[in-house]
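Enquirer: Have a look at this prediction, sequence included:
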Amino acid sequence: MNTPRILLFILLAAGLARGQAQENTGPAAPAGAAQTEMEKWISTTDAQWQAVFKREVGDVHDAEINKLKQQYLPSLDTAINKATAASDLDGAVALRKEQKRFTESKEIPEQDEASEAPSVKQLRAAFRVQVARVEKESALRARSLQGKYDQVLVQAQAKLTQSKRLDDALLVKAKREEVAAAWITPAVVAAEKANPPATPLAQKAPATQTPTGGTGNSAAGDKIETIAELSGITVTGDQSAVSKTSFQVPVEVEYKLKTDGQVRFGYACRTMAFNWQDNPTELRIEGGPVAGQHKKGEGSLAKDAPVVVKVTVQRNRMVVSVDGRERAHWAGNFSTISQPLSISASHGSTVQIEQVTVRTLH
């Protein structure tokens, strides 16, 4: 995705040059050309990311669902054989009926009729469990990819605003909202529809909860929220988990977790890695306002032991601590950050996430 960024910088430079020329030569020319250039950049960038979304989210989802459907008919054959061997005429007839229905429709109803045979209900229930797994994984992939794309657009929006190209910045903002609505909302709805939560979010995440390991000096009125979709889960291999919503600075994010290897966090950066595979003692940070400002000797996390990682991002400063000890701090312009939280396993690691909390600072 380097080409769109290079093109953006060229467009910004051209826009600044035009602005300087206009100051010297008289009234500004109509802004239509700049708008066209910006729209072209947005279109080119979006086409590339949409292609990635199709390949990494849409196509993978469809392939997994088709695989489940292909497995359903053999499971019906097995159940029919079992029913006939047991002389269960009613069960065998019900399963044969289900076999015919599914062969024609290729779909499983969202709910079973009360009159459905227990053997049919059992097979459908097993199918729905697998569909719920696929939808959840697809939603996580969609959120992860949207977070990466949004970071590119956030940086573009910030640079355009700083260059006083406000109409162009509004175009980028509109694209961000469009992508979030098209990628995240359908994925989340599908996941919740396939596997509705057993407990309301408000019960799982009281707004008054104080995170364990906090500094104890929070200002009155700070909002504290447990991120339910990131809490009580495990990510393995190269899996990522991403929050449903984006968070603006200033915030304090606390991760309570245990890992057997590398773990990567995404907020105010593309990725911040502990236990990095090439040098586990180096804290790596890529993307965002302080990209490449790695910290030697500060990147190791205890393995197979509970740790608390805290990331505090102010408008001009970012601080990272582990179990109460500061590991790194950076100065930079974080004022435009509006990004989902992400946490990822990498290079075969397993990360058990007990709880993630966000404190909105004032």
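Expert: Happy to help now that I have it. This is a predicted model, so every value here is computed, not measured. Numbers count the residues shown, from 1 in each chain.
Enquirer: for the record, mean pLDDT for the helix or strand encompassing A174?
Expert: When elements are defined using DSSP states H and E, A174 is found to belong to helix 166-194. The average pLDDT for helix 166-194 rounds to 79.
Enquirer: Check the burial of the residue lying closest to D112 once chain neighbours are set aside by counting its neighbours.
Expert: Distance criterion CB to CB, 6 or more residues apart in numbering; nearest residue to D112, sequence neighbours excluded, is K121 at 5.1 Å. The way it works is simple: take the backbone N, C-alpha and C, and place the C-beta from them, glycine included. Look at K121: counted by other CB atoms under 10 Å, it has 15 neighbours.
Enquirer: which residues of the stretch 101-250 of the chain score low on pLDDT?
Expert: Low-confidence segments of the stretch 101-250 of the chain, defined by pLDDT under 70: 185-222.
Enquirer: which stretches of it form helices?
Expert: Counting by DSSP state H, counting those that start in this stretch, the stretch 101-250 of the chain has these helices, from start to end: 118-162, 166-194, 201-204.
Enquirer: In CSV: the ones you listed, plus distance to R359.
Expert: What follows is the helices of the stretch 101-250 of the chain, written out as CSV (distance: least, CB to CB, whole Å):
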stretch, distance to R359
helix 118-162, 20
helix 166-194, 23
helix 201-204, 17
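Enquirer: right, and the ones you listed - which one's nearest S342?
Expert: Each of these was scored for nearness to S342 using CB to CB, and the closest is helix 118-162 (5.7 Å).
Enquirer: From the contact counts, what lies against the closest one?
Expert: Here helix 118-162 touches helix 2-25, helix 32-53, helix 59-85, helix 89-105, helix 166-194, strand 240-248, strand 338-346, going by 3 or more CB pairs under 8 Å, 6 or more residues apart in numbering; DSSP states H and E.
Enquirer: Average pLDDT for the last one, rounded please.
Expert: Right, the one you point to is strand 338-346. pLDDT averaged over strand 338-346 gives 90.
Enquirer: just checking, what packs against it?
Expert: Using 3+ CB pairs under 8 Å, 6+ apart: strand 338-346 touches helix 118-162, strand 233-237, strand 240-248, strand 251-259, strand 262-266, strand 349-360.
Enquirer: do the fourth one as well
Expert: With contacts defined as 3+ CB pairs under 8 Å, 6+ apart, the secondary structure elements packing on helix 89-105 are helix 59-85, helix 118-162.
Enquirer: Just want the angle from the shortest one to helix 118-162.
Expert: Which is helix 59-85. Helix 59-85 runs at 170 degrees relative to helix 118-162, counting by axes from the mean of the first three to the mean of the last three CA atoms, to 10 degrees.
Enquirer: tell me which element the residue of the chain most remote from its centre falls in.
Expert: Ranked by distance from the centre of the chain (CA atoms, centre = their mean), the top residue is S87, with 50.6 Å. Element membership for S87, per DSSP H and E: none, as it lies in no helix or strand.
Enquirer: I'd like the distance from it to P74, if you could.
Expert: 22 Å (CB to CB, to the nearest Å).
Enquirer: And K164, by the same measure?
Expert: Taking CB to CB, one finds K164 at 63 Å from P74.
Enquirer: cool, and Q111?
Expert: Q111 is 24 Å from P74, where distance means CB to CB.
Enquirer: Highest mean neighbour count out of the helices and strands packed on helix 89-105?
Expert: Comparing the helices and strands packed on helix 89-105 by mean neighbour count (mean count of other CB atoms under 10 Å), helix 118-162 ranks first with a mean of 19.
Enquirer: quick check: angle from it to strand 262-266?
Expert: In terms of direction (the same axes, to 10 degrees), helix 118-162 departs from strand 262-266 by 60 degrees.
Enquirer: who are the neighbours in contact with the closest residue to D238 other than its chain neighbours?
Expert: Nearest residue to D238 in three dimensions, chain neighbours excluded: S346, at 5.8 Å (CB to CB, 6+ apart). For S346, the contacting residues are D238, G261, Q262, V263, R264, A273, Q277, by CB atoms under 8 Å, 6 or more residues apart in numbering.
Enquirer: again, but for V251
Expert: T312, V313, V358, R359, T360, L361.
Enquirer: That one pairs with what?
Expert: Residues in a beta bridge with V251, per DSSP bridges, are V313, T360.
Enquirer: how close does it sit to P280?
Expert: Where P280 is concerned, V251 sits at a distance of 28 Å (CB to CB).
Enquirer: and if you look at I233?
Expert: On the measure of CB to CB, I233 and P280 end up 24 Å apart.
Enquirer: V129 now?
Expert: V129 is 37 Å from P280, by CB to CB.
Enquirer: next one: W183
Expert: 34 Å.
Enquirer: neighbour-wise, which of the two wins?
Expert: Shown here are W183 and P280; by other CB under 10 Å, W183 has more neighbours (23 against 15).
Enquirer: Quickly note the distance from the nearest residue to S144 once chain neighbours are set aside to G297.
Expert: Closest residue to S144 in three dimensions, ignoring its sequence neighbours and counting by CB to CB, 6+ apart: S240, at 4.3 Å. As defined by CB to CB, S240 lies at a distance of 27 Å from G297.
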